[in-house]
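Asks: Return atomic coordinates for the entry below.
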Amino acid sequence: MIELKNVSFVVPDEESTNGGEPKEIIKDLSFTFEEGKFYGITGPNGGGKTTLAKLIMGINPVTSGRIFFRGEDITGLSITERARKGIAYGFQHSARFKGTTFRDLLSIAAGTDDEGELIKIIARLGICSIDFLDNPVNSRLSGGEIKKIELATIIARNPKVAIYDEPDTGIDLWTIGPMVELLKREKEAFKTTTMVVSHNKAFLEAADDVILIRGGQIAYEGDLSGAKPILEDLSVCGFANVCEGESYAECYR
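Replies: Predicted structure coming up:
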């Protein structure tokens with residue numbers, strides 16, 4: 001579905017003392033994401049997880065290497081062109097739009113303003129009230145409500161590839177379980193290749209394949225049980241001083 005061939009991403013190091021020495025974030029990475037699989041992408045903070053997701057979406061351009069989608073080279077395509085081909089992206093921090101309602105956003109995402117179709121989409125998220133469509137997307141909504149709105153706009157066109165960057169950010173613990181189940185249902189129903197960048201154990205347990213990114217490279221690929229020794233290594237955990245000896249989700253960084 002998505003094939004990365006020798007992909008690298010280099011940026012100037014703003015913290016360097018010699019005027020921006022190049023810093024390699026992703027290092028000659030090659031990997032193939034298979035169609036219809038659920039991938040949990042995890043690893044230490046600063047290891048390159050989100051950068052990798054943004055390279056696939058086209059938010060950041062690769063420095064070298066190629067990206068293929070269903071055999072087609074999309075390395076030079078824009079975000080819009082990739083979206084039209086069926087790649088969708090959910091940001092860690094959902095946007096809020098003054099003067100815009102959920103109905104407006106969902107109509108744009110779905111390509112229709114037919115209320116019946118919009119209701120079908122929100123029903124997939126477990127939203128039963130049609131009144132929710134007319135909520136303004138502003139600061140009055142909770143983090144969980146904003147996240148539901150973003151999820152609805154992502155699944156509206158049944159993307160072939162759905163990328164979620166830390167989707168549990170800003171939501172309560174009780175929302176995570178239903179969100180995981182939603183992504184699993186969407187994957188099964190529409191064969192969506194799903195990539196979730198997360199430190200949260202619930203997403204990693206749900207994944208068919210766990211990918212651990214460390215130092216811009218894939219340090220591990222497999223199931224969560226095999227990743228745990230690496231994730232719980234205190235040299236990897238960015239919170240070793242507060243969670244040593246415990247199995248908090250925060251330790252999976």
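
Asks: okay, CA-based contacts and neighbour counts for the rest of this
Replies: OK.

Asks: hang on, isn't Glu21 packed against Asp13?
Replies: Yes: using Cα atoms under 8 Å, Glu21 is in contact with Asp13, at 5.3 Å.

Asks: Now do Gly76 against Ala156, distance only.
Replies: Relative to Ala156, Gly76 is positioned 26 Å away (criterion: Cα to Cα, to the nearest Å).

Asks: Mind jotting down where the strands sit in the stretch 101-250 of the chain?
Replies: Along the stretch 101-250 of the chain, the stretches classed as strands by DSSP state E, counting those that start in this stretch are 161-165, 193-197, 209-214, 217-222.

Asks: contact partners of the last one?
Replies: Read it as strand 217-222. 26-29, 48, 209-213, 227 (Cα atoms under 8 Å, 6 or more residues apart in numbering).

Asks: again, only this time at 6 Å
Replies: Contacting residues not belonging to strand 217-222 are listed as 27, 29, 209-213 [Cα atoms under 6 Å, 6 or more residues apart in numbering].

Asks: swap in the second one?
Replies: Strand 193-197 is contacted from outside by 35-42, 161-166, using Cα under 6 Å, 6+ apart.

Asks: Narrow these to those that are buried.
Replies: Neighbour-count burial (16 or more other Cα atoms under 10 Å) is assigned, among those, to 35-42, 161-166.

Asks: of all those residues, which comes closest to Leu106?
Replies: Checking the buried ones among the contacts of strand 193-197 against Leu106 with Cα to Cα, the nearest one is Ala162 at 16.4 Å.

Asks: In the stretch 151-253 of the chain, where is pLDDT below threshold?
Replies: Applying pLDDT under 70 to the stretch 151-253 of the chain flags residues 170-174, 233-253.

Asks: can you give me the helices in it?
Replies: Using DSSP state H, counting those that start in this stretch, the helices found in the stretch 151-253 of the chain span residues 173-190, 201-206, 224-231, 240-243.

Asks: OK, contacts around Lys187?
Replies: Taking Cα under 6 Å, 6+ apart as the definition, Lys187 has no contacts.

Asks: Can you give me the distance of it to Met195?
Replies: With distances defined as Cα to Cα, the gap from Lys187 to Met195 amounts to 10 Å.

Asks: Over to Ser129?
Replies: Taking Cα to Cα, one finds Ser129 at 29 Å from Met195.

Asks: Neighbour count: those two, which is higher?
Replies: Relative neighbour count places Met195 above the other of Ser129 and Met195, with 24 against 10, counting by other Cα atoms under 10 Å.

Asks: now the closest residue to Lys49 other than its chain neighbours, which residues is it bridged with?
Replies: Distances taken as Cα to Cα, 6 or more residues apart in numbering put Ile213 closest to Lys49, at 6.0 Å, once the chain neighbours are dropped. According to DSSP bridges, Ile218 are recorded as the beta-bridge partners of Ile213.
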